[in-house]
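Novice: Return atomic coordinates for the entry below.
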Amino acid sequence: MKWHVLRPLWVAIGLVGAILVARVFLVPDDFGVHGKNFTYGYYRLSNVQEWVDFPVKYQGREGCVECHEANVVTLNASSHAPVECENCHGPGAHHPDGIESLPLNTTRELCLRCHAYLEYPNSARGSLISIEDKRHRRRRECVKCHDPHDPGEDT
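Specialist: Residues are numbered from 1 along each chain as shown. Here you go, the predicted model:
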């Protein structure tokens, strides 16, 4: 065989060998311990403890009701009831205690994440009203006219 054929072949064989040697050092010992029938063998036993130790960021509405009961009651009775508090206010993890108020994102973009009218077939957004951003009071923030906890009421 000529060298122009053998050189790339040896390079390819060397590359495959290097990958196999690197795999021995980089793949953890507990990877695939449950055999091929469990998630196709792509499972690491120590990953379970890593997920248990992972800090929770989103607390759910139950974490808000303790201090913000009036807002939660109003929200539960409004059309925003299916929307979790943290969708607008951010994650509840590390929420500071003893603070009067936190800065809140009141931009149109936040509201349009759920209320934007999409011109696609079957793009209904559930019980939330879709608006056309180009036509609906474009120069104002939504919170100037609507209370997010009771959006049916104009402020």
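
Novice: contacts and neighbour counts: CA atoms only from here.
Specialist: Fine.

Novice: Quick one: classify residue 151 as helix, strand or coil.
Specialist: Three-state secondary structure (criterion: DSSP: H, G, I helix; E, B strand; the rest coil) places residue 151 in strand.

Novice: Could you double-check that it lies in contact with residue 83?
Specialist: No: Residue 151 lies out of contact with residue 83 (C-alpha atoms under 8 Å); the separation is 12.0 Å.

Novice: residue ranges for the helices of the protein, please.
Specialist: Applying DSSP state H to the chain gives helices spanning 3-26, 47-53, 62-65, 69-76, 85-89, 108-115.

Novice: can you put those in TSV and add distance to residue 143, mean pLDDT and mean neighbour count?
Specialist: Listed next are the helices of the chain as TSV, based on distance: least, C-alpha to C-alpha, whole Å; pLDDT from 0 to 100; neighbours: other C-alpha atoms under 10 Å:
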stretch	distance to residue 143	mean pLDDT	mean neighbour count
helix 3-26	52	92	11
helix 47-53	38	80	10
helix 62-65	21	82	13
helix 69-76	15	87	16
helix 85-89	12	82	16
helix 108-115	9	81	15
